[in-house]
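Participant: Take this sequence and fold it.
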Amino acid sequence: VTVLRKVLFPMLAPAILAGSSLLFAVSMGAFGTAFALTGTAVKILPLVIYTHVSELSADIAKADALAIVLTLVTTCVILAYEKFFTTPSSVR
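Facilitator: Numbering: from 1, shown residues only. Next comes the predicted model:
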């Protein structure tokens, strides 16, 4: 148990965090997969944006606002990962 806590988990943490941030970024843009599998039944942000654009009474302003939120959240997550969990190339 001590070996896991003091050796293995600290070594795996950067890889787990990198994978998590990449998974987050890909899932935020996985419109095609979610739409093909569920239609608009699942309420994820890319599908909500699509719903607002594709309806007869298209609410473009709301779709634009949601797209900006999606972009900002994804960008913040990726930048936070780069700032806190990567080392400068000169240090490597």
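Participant: got the phi/psi numbers for residue 42?
Facilitator: Phi and psi for residue 42, reported as degrees, to the nearest 10, are phi -90, psi 130.
Participant: Which residues are in contact with it?
Facilitator: residue 34 (CB atoms under 8 Å, 6 or more residues apart in numbering). Any C-beta I mention is one placed from the backbone N, CA and C, and that applies to glycine too.
Participant: what about it, distance to residue 77?
Facilitator: Computed as CB to CB, to the nearest Å, the residue 42 to residue 77 distance reads 21 Å.
Participant: Helices along this structure, start to end?
Facilitator: Along the chain, the stretches classed as helices by DSSP state H are 2-3, 9-28, 31-38, 45-54, 60-85.
Participant: Next, format those as CSV and append mean neighbour count and mean pLDDT.
Facilitator: Shown next, in CSV, are these (neighbours: other CB atoms under 10 Å; pLDDT from 0 to 100):
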stretch, mean neighbour count, mean pLDDT
helix 2-3, 7, 84
helix 9-28, 12, 81
helix 31-38, 12, 79
helix 45-54, 16, 86
helix 60-85, 13, 88
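Participant: Just the C-alpha atoms of stretch 24-37, please, in PDB.
Facilitator: This file holds the C-alpha atoms of stretch 24-37, laid out as PDB (Å, rounded to 0.1, in the frame of the first residue of the first chain):
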ATOM      1  CA  PHE A  24     -12.400  16.400 -21.900                       C
ATOM      2  CA  ALA A  25     -11.400  18.400 -25.000                       C
ATOM      3  CA  VAL A  26     -12.400  15.600 -27.400                       C
ATOM      4  CA  SER A  27     -15.800  15.100 -25.600                       C
ATOM      5  CA  MET A  28     -16.600  18.800 -25.900                       C
ATOM      6  CA  GLY A  29     -16.200  18.500 -29.700                       C
ATOM      7  CA  ALA A  30     -17.700  15.100 -30.200                       C
ATOM      8  CA  PHE A  31     -20.800  16.400 -31.900                       C
ATOM      9  CA  GLY A  32     -20.900  13.800 -34.600                       C
ATOM     10  CA  THR A  33     -20.600  10.700 -32.400                       C
ATOM     11  CA  ALA A  34     -23.200  11.900 -29.900                       C
ATOM     12  CA  PHE A  35     -25.600  13.000 -32.600                       C
ATOM     13  CA  ALA A  36     -25.300   9.700 -34.500                       C
ATOM     14  CA  LEU A  37     -25.800   7.600 -31.300                       C
END
